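Trainee: Let's see this in three dimensions:
(2 chains)
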Amino acid sequence: MARSKKGIPVINSAPMADIAFLLLIFFLVTTTIASDKGLSLLLPPKPDEENKPEIKIKERNMFKILLNSADRLLVEGEPMNDPGKIRKMVKEHVLNYGKDPNKSDSPKDAVISFKADRGTSYELYIKVLNSVQGAYYDMYADRAGVTNKKWRKIASDLGDPENRRIYDKARKDFPMAISIAEPSKIGGS
Amino acid sequence: MAKFRKKSKTSQEIPTASLPDIIFILLFFFMVTTVLRETTINVQQRVPAATELRKLQRKSLVSYLYLGRPKQSQWGTQPKIQANDVFIETKDIVRWVTQEKDKLSEVERDQITIALKVDKDVKMGLVSDVQLELREANARKLMYTTIQDMDY
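Mentor: Below you'll find the predicted structure:
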(Lines give C-alpha, C1' and ligand atoms only; values in the text may rest on other atoms or scores of the structure.)
Protein backbone atom coordinates (compact mmCIF):
# COMPACT_ATOMS: atom_id res chain seq x y z
CA MET A 1 0.00 0.00 0.00
CA ALA A 2 2.65 2.43 -0.88
CA ARG A 3 1.28 5.89 -1.54
CA SER A 4 1.87 7.45 -4.86
CA LYS A 5 4.52 10.03 -4.72
CA LYS A 6 2.70 12.35 -7.07
CA GLY A 7 0.70 13.92 -4.26
CA ILE A 8 -3.02 14.56 -3.84
CA PRO A 9 -5.07 14.39 -7.02
CA VAL A 10 -6.53 17.83 -7.78
CA ILE A 11 -9.70 18.58 -9.69
CA ASN A 12 -9.36 21.70 -11.71
CA SER A 13 -11.90 24.02 -10.18
CA ALA A 14 -11.50 27.02 -12.44
CA PRO A 15 -14.59 26.29 -14.63
CA MET A 16 -16.67 25.95 -11.48
CA ALA A 17 -16.78 29.72 -11.18
CA ASP A 18 -18.03 29.93 -14.75
CA ILE A 19 -20.87 27.53 -14.04
CA ALA A 20 -21.82 29.42 -10.90
CA PHE A 21 -21.70 32.70 -12.81
CA LEU A 22 -24.04 31.31 -15.42
CA LEU A 23 -26.56 30.27 -12.77
CA LEU A 24 -26.16 33.60 -11.01
CA ILE A 25 -26.88 35.55 -14.17
CA PHE A 26 -29.91 33.38 -14.87
CA PHE A 27 -31.40 34.15 -11.46
CA LEU A 28 -30.50 37.82 -11.72
CA VAL A 29 -32.40 38.08 -14.98
CA THR A 30 -35.49 36.15 -13.88
CA THR A 31 -35.80 37.82 -10.49
CA THR A 32 -38.65 40.24 -10.05
CA ILE A 33 -38.29 42.05 -6.81
CA ALA A 34 -41.64 41.83 -5.10
CA SER A 35 -43.17 45.29 -5.00
CA ASP A 36 -45.77 45.05 -2.31
CA LYS A 37 -45.73 48.66 -1.43
CA GLY A 38 -48.30 51.27 -2.13
CA LEU A 39 -50.94 53.61 -0.84
CA SER A 40 -53.34 51.93 1.53
CA LEU A 41 -56.95 52.88 1.76
CA LEU A 42 -59.99 51.62 3.63
CA LEU A 43 -63.21 51.76 1.67
CA PRO A 44 -66.35 52.90 3.46
CA PRO A 45 -68.81 50.15 4.43
CA LYS A 46 -71.63 49.12 2.14
CA PRO A 47 -74.35 51.76 2.17
CA ASP A 48 -77.36 50.79 4.20
CA GLU A 49 -80.44 51.37 2.04
CA GLU A 50 -82.98 51.52 4.88
CA ASN A 51 -81.52 54.06 7.23
CA LYS A 52 -79.07 56.29 5.53
CA PRO A 53 -77.52 58.43 8.21
CA GLU A 54 -77.84 62.12 7.54
CA ILE A 55 -74.47 63.64 8.17
CA LYS A 56 -74.19 67.36 8.18
CA ILE A 57 -70.70 68.72 7.76
CA LYS A 58 -70.12 72.42 8.09
CA GLU A 59 -68.88 74.09 4.96
CA ARG A 60 -65.78 75.42 6.66
CA ASN A 61 -64.63 71.96 7.71
CA MET A 62 -64.64 70.63 4.19
CA PHE A 63 -61.54 70.79 2.06
CA LYS A 64 -62.75 70.17 -1.46
CA ILE A 65 -60.63 68.82 -4.24
CA LEU A 66 -62.16 68.26 -7.65
CA LEU A 67 -60.50 66.52 -10.58
CA ASN A 68 -62.02 66.79 -14.02
CA SER A 69 -61.69 64.63 -17.10
CA ALA A 70 -59.01 66.87 -18.60
CA ASP A 71 -56.87 66.21 -15.49
CA ARG A 72 -57.33 69.73 -14.16
CA LEU A 73 -57.54 70.43 -10.47
CA LEU A 74 -59.93 72.61 -8.54
CA VAL A 75 -58.91 73.00 -4.91
CA GLU A 76 -61.24 74.95 -2.63
CA GLY A 77 -62.71 76.71 -5.65
CA GLU A 78 -59.36 77.71 -7.11
CA PRO A 79 -57.85 76.13 -10.22
CA MET A 80 -54.43 74.61 -9.60
CA ASN A 81 -51.73 72.91 -11.61
CA ASP A 82 -49.38 71.38 -9.11
CA PRO A 83 -50.80 68.54 -6.98
CA GLY A 84 -47.76 68.85 -4.71
CA LYS A 85 -49.12 72.10 -3.25
CA ILE A 86 -52.14 70.31 -1.83
CA ARG A 87 -50.00 68.82 0.91
CA LYS A 88 -49.27 72.18 2.51
CA MET A 89 -52.84 73.38 2.06
CA VAL A 90 -54.25 70.28 3.72
CA LYS A 91 -51.98 70.77 6.71
CA GLU A 92 -53.03 74.43 7.05
CA HIS A 93 -56.67 73.41 6.78
CA VAL A 94 -56.53 70.67 9.39
CA LEU A 95 -54.32 72.49 11.89
CA ASN A 96 -56.40 75.68 11.82
CA TYR A 97 -58.14 75.27 15.21
CA GLY A 98 -60.83 77.82 14.32
CA LYS A 99 -58.53 80.74 13.50
CA ASP A 100 -59.31 81.23 9.84
CA PRO A 101 -63.10 81.27 9.27
CA ASN A 102 -62.71 79.41 5.96
CA LYS A 103 -60.72 76.56 7.44
CA SER A 104 -61.55 73.78 9.89
CA ASP A 105 -62.75 74.13 13.49
CA SER A 106 -60.45 71.40 14.77
CA PRO A 107 -58.58 68.41 13.35
CA LYS A 108 -61.40 66.21 14.63
CA ASP A 109 -63.95 67.93 12.40
CA ALA A 110 -61.81 68.42 9.33
CA VAL A 111 -62.79 66.43 6.28
CA ILE A 112 -60.87 66.16 3.05
CA SER A 113 -63.31 65.52 0.29
CA PHE A 114 -62.20 64.66 -3.15
CA LYS A 115 -64.05 63.79 -6.20
CA ALA A 116 -62.80 62.61 -9.56
CA ASP A 117 -64.46 62.36 -12.90
CA ARG A 118 -64.82 59.05 -14.72
CA GLY A 119 -62.36 60.41 -17.25
CA THR A 120 -59.68 61.46 -14.77
CA SER A 121 -56.47 59.53 -15.18
CA TYR A 122 -55.42 57.16 -12.44
CA GLU A 123 -51.99 58.78 -12.34
CA LEU A 124 -53.37 62.14 -11.21
CA TYR A 125 -55.70 60.46 -8.72
CA ILE A 126 -52.71 58.72 -7.14
CA LYS A 127 -50.75 61.98 -7.02
CA VAL A 128 -53.55 63.76 -5.19
CA LEU A 129 -54.19 60.86 -2.82
CA ASN A 130 -50.45 60.72 -2.16
CA SER A 131 -50.35 64.42 -1.24
CA VAL A 132 -53.36 64.21 1.08
CA GLN A 133 -52.17 61.07 2.83
CA GLY A 134 -48.67 62.49 3.02
CA ALA A 135 -50.00 65.59 4.78
CA TYR A 136 -51.76 63.45 7.36
CA TYR A 137 -48.72 61.22 7.86
CA ASP A 138 -46.62 64.34 8.45
CA MET A 139 -49.04 65.57 11.10
CA TYR A 140 -49.27 62.18 12.81
CA ALA A 141 -45.51 61.86 12.77
CA ASP A 142 -45.23 65.27 14.44
CA ARG A 143 -47.69 64.24 17.14
CA ALA A 144 -45.87 60.98 17.75
CA GLY A 145 -42.49 62.67 17.65
CA VAL A 146 -41.06 60.48 14.91
CA THR A 147 -40.17 60.97 11.28
CA ASN A 148 -42.71 60.49 8.53
CA LYS A 149 -40.96 57.34 7.34
CA LYS A 150 -40.89 55.85 10.80
CA TRP A 151 -44.55 56.69 11.29
CA ARG A 152 -45.52 54.80 8.15
CA LYS A 153 -43.52 51.84 9.38
CA ILE A 154 -45.33 51.95 12.72
CA ALA A 155 -48.73 52.22 11.05
CA SER A 156 -48.00 49.24 8.84
CA ASP A 157 -47.11 46.98 11.74
CA LEU A 158 -49.73 47.27 14.45
CA GLY A 159 -49.22 43.76 15.78
CA ASP A 160 -46.52 45.12 18.06
CA PRO A 161 -48.13 46.55 21.25
CA GLU A 162 -45.60 49.39 21.45
CA ASN A 163 -46.42 50.46 17.90
CA ARG A 164 -50.11 50.16 18.70
CA ARG A 165 -49.72 52.49 21.69
CA ILE A 166 -47.91 55.18 19.69
CA TYR A 167 -50.40 54.82 16.86
CA ASP A 168 -53.49 55.15 19.05
CA LYS A 169 -52.05 58.09 20.94
CA ALA A 170 -51.26 60.07 17.79
CA ARG A 171 -54.58 59.30 16.16
CA LYS A 172 -56.75 60.14 19.16
CA ASP A 173 -59.23 62.88 18.16
CA PHE A 174 -57.32 63.22 14.93
CA PRO A 175 -58.99 61.02 12.35
CA MET A 176 -57.77 60.75 8.82
CA ALA A 177 -61.06 61.74 7.27
CA ILE A 178 -60.59 61.38 3.55
CA SER A 179 -63.85 61.10 1.72
CA ILE A 180 -63.63 59.92 -1.85
CA ALA A 181 -66.86 60.51 -3.68
CA GLU A 182 -68.10 58.40 -6.51
CA PRO A 183 -66.87 59.93 -9.76
CA SER A 184 -69.18 62.06 -11.82
CA LYS A 185 -70.02 61.21 -15.39
CA ILE A 186 -69.77 64.73 -16.76
CA GLY A 187 -67.05 65.09 -19.32
CA GLY A 188 -67.23 61.52 -20.53
CA SER A 189 -64.57 58.88 -20.20
CA MET B 1 19.60 49.78 -9.71
CA ALA B 2 20.34 46.13 -10.29
CA LYS B 3 18.89 45.43 -6.95
CA PHE B 4 15.40 46.21 -8.20
CA ARG B 5 15.61 44.20 -11.38
CA LYS B 6 16.05 41.02 -9.45
CA LYS B 7 13.24 38.64 -10.24
CA SER B 8 11.04 37.74 -7.35
CA LYS B 9 10.56 34.09 -6.70
CA THR B 10 7.05 34.40 -5.30
CA SER B 11 4.16 33.34 -7.48
CA GLN B 12 2.31 36.11 -9.27
CA GLU B 13 -0.95 34.23 -9.56
CA ILE B 14 -3.96 35.16 -7.53
CA PRO B 15 -5.49 32.00 -6.11
CA THR B 16 -8.90 31.56 -7.70
CA ALA B 17 -9.96 28.54 -5.69
CA SER B 18 -12.23 30.61 -3.44
CA LEU B 19 -13.91 32.40 -6.33
CA PRO B 20 -16.63 29.75 -6.81
CA ASP B 21 -17.50 30.03 -3.13
CA ILE B 22 -18.11 33.74 -3.41
CA ILE B 23 -20.20 33.27 -6.52
CA PHE B 24 -22.17 30.50 -4.85
CA ILE B 25 -23.01 32.75 -1.92
CA LEU B 26 -24.36 35.35 -4.33
CA LEU B 27 -26.22 32.64 -6.20
CA PHE B 28 -27.91 31.32 -3.07
CA PHE B 29 -28.86 34.82 -2.04
CA PHE B 30 -30.67 35.38 -5.32
CA MET B 31 -32.24 31.93 -5.28
CA VAL B 32 -33.67 32.52 -1.84
CA THR B 33 -34.96 36.03 -2.49
CA THR B 34 -36.44 35.25 -5.89
CA VAL B 35 -40.18 35.00 -6.04
CA LEU B 36 -41.21 33.20 -9.17
CA ARG B 37 -44.14 34.81 -10.84
CA GLU B 38 -47.26 32.70 -10.58
CA THR B 39 -49.47 34.45 -13.07
CA THR B 40 -48.73 35.78 -16.50
CA ILE B 41 -49.89 39.34 -16.65
CA ASN B 42 -51.74 40.06 -19.85
CA VAL B 43 -52.36 43.73 -19.29
CA GLN B 44 -49.99 46.66 -19.49
CA GLN B 45 -48.54 47.50 -16.12
CA ARG B 46 -46.84 50.83 -15.71
CA VAL B 47 -47.73 51.63 -12.13
CA PRO B 48 -47.50 55.27 -11.06
CA ALA B 49 -44.97 56.52 -8.53
CA ALA B 50 -45.79 57.88 -5.09
CA THR B 51 -43.86 58.88 -2.01
CA GLU B 52 -46.01 57.97 1.00
CA LEU B 53 -45.76 54.23 0.64
CA ARG B 54 -46.78 51.68 3.19
CA LYS B 55 -45.74 48.08 3.22
CA LEU B 56 -48.03 45.10 3.21
CA GLN B 57 -47.33 43.01 6.23
CA ARG B 58 -48.85 39.65 5.46
CA LYS B 59 -48.65 38.50 1.91
CA SER B 60 -50.94 35.53 2.48
CA LEU B 61 -53.87 37.91 2.96
CA VAL B 62 -53.33 39.74 -0.29
CA SER B 63 -55.11 39.13 -3.57
CA TYR B 64 -54.16 40.97 -6.72
CA LEU B 65 -56.25 42.64 -9.38
CA TYR B 66 -54.52 43.95 -12.49
CA LEU B 67 -56.06 46.76 -14.48
CA GLY B 68 -54.80 47.98 -17.80
CA ARG B 69 -54.91 47.85 -21.54
CA PRO B 70 -54.44 44.30 -22.88
CA LYS B 71 -50.98 43.58 -24.22
CA GLN B 72 -52.27 41.69 -27.23
CA SER B 73 -54.65 43.40 -29.60
CA GLN B 74 -56.86 40.32 -29.88
CA TRP B 75 -58.30 41.22 -26.50
CA GLY B 76 -59.31 44.68 -27.67
CA THR B 77 -57.93 48.07 -26.77
CA GLN B 78 -60.13 49.04 -23.83
CA PRO B 79 -58.66 48.61 -20.34
CA LYS B 80 -59.58 45.29 -18.76
CA ILE B 81 -59.47 43.66 -15.35
CA GLN B 82 -57.33 40.63 -14.83
CA ALA B 83 -57.65 38.37 -11.80
CA ASN B 84 -55.33 35.39 -11.43
CA ASP B 85 -54.93 34.24 -15.02
CA VAL B 86 -58.13 35.39 -16.65
CA PHE B 87 -59.90 38.55 -17.68
CA ILE B 88 -63.02 39.23 -15.66
CA GLU B 89 -65.86 41.69 -15.91
CA THR B 90 -66.78 44.09 -13.15
CA LYS B 91 -69.84 42.05 -12.25
CA ASP B 92 -67.66 38.97 -11.57
CA ILE B 93 -65.62 40.72 -8.90
CA VAL B 94 -67.95 39.82 -6.04
CA ARG B 95 -67.68 36.15 -6.95
CA TRP B 96 -63.92 36.40 -7.33
CA VAL B 97 -63.59 37.99 -3.88
CA THR B 98 -65.68 35.17 -2.39
CA GLN B 99 -63.36 32.62 -4.00
CA GLU B 100 -60.30 34.42 -2.68
CA LYS B 101 -61.81 34.61 0.79
CA ASP B 102 -62.49 30.87 0.74
CA LYS B 103 -58.77 30.28 0.35
CA LEU B 104 -58.12 31.92 3.71
CA SER B 105 -58.88 30.45 7.09
CA GLU B 106 -62.14 31.49 8.67
CA VAL B 107 -60.73 33.92 11.22
CA GLU B 108 -58.75 35.81 8.63
CA ARG B 109 -61.46 36.27 6.03
CA ASP B 110 -62.35 39.85 6.96
CA GLN B 111 -58.73 40.89 6.81
CA ILE B 112 -58.36 40.21 3.11
CA THR B 113 -56.49 42.98 1.32
CA ILE B 114 -56.93 43.67 -2.36
CA ALA B 115 -53.88 45.04 -4.09
CA LEU B 116 -54.85 47.00 -7.16
CA LYS B 117 -52.13 47.15 -9.76
CA VAL B 118 -53.37 49.78 -12.13
CA ASP B 119 -51.72 51.17 -15.22
CA LYS B 120 -51.14 54.94 -15.35
CA ASP B 121 -53.45 55.52 -18.29
CA VAL B 122 -56.50 53.78 -16.89
CA LYS B 123 -59.37 56.17 -16.28
CA MET B 124 -60.95 56.54 -12.87
CA GLY B 125 -64.30 55.26 -14.18
CA LEU B 126 -63.08 51.68 -14.31
CA VAL B 127 -61.17 51.94 -11.03
CA SER B 128 -64.22 53.25 -9.20
CA ASP B 129 -66.45 50.55 -10.71
CA VAL B 130 -64.03 48.01 -9.27
CA GLN B 131 -64.06 49.77 -5.91
CA LEU B 132 -67.85 49.77 -5.78
CA GLU B 133 -67.91 46.03 -6.40
CA LEU B 134 -65.26 45.45 -3.74
CA ARG B 135 -67.39 47.39 -1.29
CA GLU B 136 -70.32 45.20 -2.28
CA ALA B 137 -68.18 42.12 -1.63
CA ASN B 138 -67.10 43.52 1.73
CA ALA B 139 -63.41 43.53 0.88
CA ARG B 140 -62.68 47.03 2.07
CA LYS B 141 -58.94 47.00 2.61
CA LEU B 142 -57.27 48.32 -0.48
CA MET B 143 -53.73 48.92 -1.55
CA TYR B 144 -52.89 50.87 -4.67
CA THR B 145 -49.58 49.33 -5.62
CA THR B 146 -47.13 52.04 -6.61
CA ILE B 147 -43.40 52.40 -6.94
CA GLN B 148 -41.23 54.68 -4.85
CA ASP B 149 -40.87 58.11 -6.38
CA MET B 150 -37.19 58.97 -6.46
CA ASP B 151 -37.63 62.72 -7.08
CA TYR B 152 -38.40 63.56 -3.49
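
Trainee: Neighbours of whichever residue of chain A sits closest to chain B, how many?
Mentor: Closest to chain B within chain A is A:Arg118: 3.3 Å, counting by CB to the nearest CB. For every residue, glycine as well, the C-beta is placed using N, CA and C. Applying other CB atoms under 10 Å in any protein chain shown, we find 20 residues neighbouring A:Arg118.

Trainee: how close does the residue nearest to it when sequence neighbours are not counted get to A:Ser184?
Mentor: Nearest residue to A:Arg118, sequence neighbours excluded (CB to CB, 6 or more residues apart in numbering or on different chains): B:Gly125, at 3.3 Å. According to CB to CB, to the nearest Å, B:Gly125 stands 10 Å off from A:Ser184.

Trainee: next one: B:Arg46
Mentor: Going from B:Arg46 to A:Ser184 by CB to CB gives 26 Å.

Trainee: which one of those two has more residues nearby?
Mentor: More crowded of B:Arg46 and A:Ser184, by other CB under 10 Å: A:Ser184, with 17 against 12.

Trainee: B:Thr90 and B:Ser128 touch, don't they?
Mentor: No. Between B:Thr90 and B:Ser128 there is no contact under CB atoms under 8 Å: 10.2 Å.

Trainee: So those two - more neighbours on which side?
Mentor: When B:Thr90 and B:Ser128 are compared for neighbours, B:Ser128 comes out ahead with 19 against 12, by other CB under 10 Å.

Trainee: these two touch, right, the more buried one and A:Lys115?
Mentor: No. B:Ser128 lies out of contact with A:Lys115 (CB under 8 Å); the separation is 10.3 Å.

Trainee: count of residues packed around B:Tyr64?
Mentor: For B:Tyr64, the neighbour count with other CB under 10 Å is 19.

Trainee: how far away is it from chain A?
Mentor: Distance of B:Tyr64 to chain A, given as CB to the nearest CB, to the nearest Å: 10 Å.

Trainee: same question, B:Ala137
Mentor: 9 Å.

Trainee: confidence score at that residue?
Mentor: In this model, B:Ala137 is scored at 87, pLDDT.

Trainee: neighbours around it, how many?
Mentor: As a burial measure, B:Ala137 scores 19 neighbours (other CB under 10 Å).

Trainee: which residues in chain A form strands?
Mentor: Listed in chain order, the strands of chain A (DSSP state E) span A:37-42, A:62-67, A:73-75, A:78-80, A:111-117, A:178-184.

Trainee: can you list those in JSON lines and add mean pLDDT?
Mentor: Listed next are the strands of chain A as JSON lines, based on pLDDT from 0 to 100:
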{"stretch": "strand A:37-42", "mean pLDDT": "85"}
{"stretch": "strand A:62-67", "mean pLDDT": "87"}
{"stretch": "strand A:73-75", "mean pLDDT": "87"}
{"stretch": "strand A:78-80", "mean pLDDT": "86"}
{"stretch": "strand A:111-117", "mean pLDDT": "86"}
{"stretch": "strand A:178-184", "mean pLDDT": "81"}
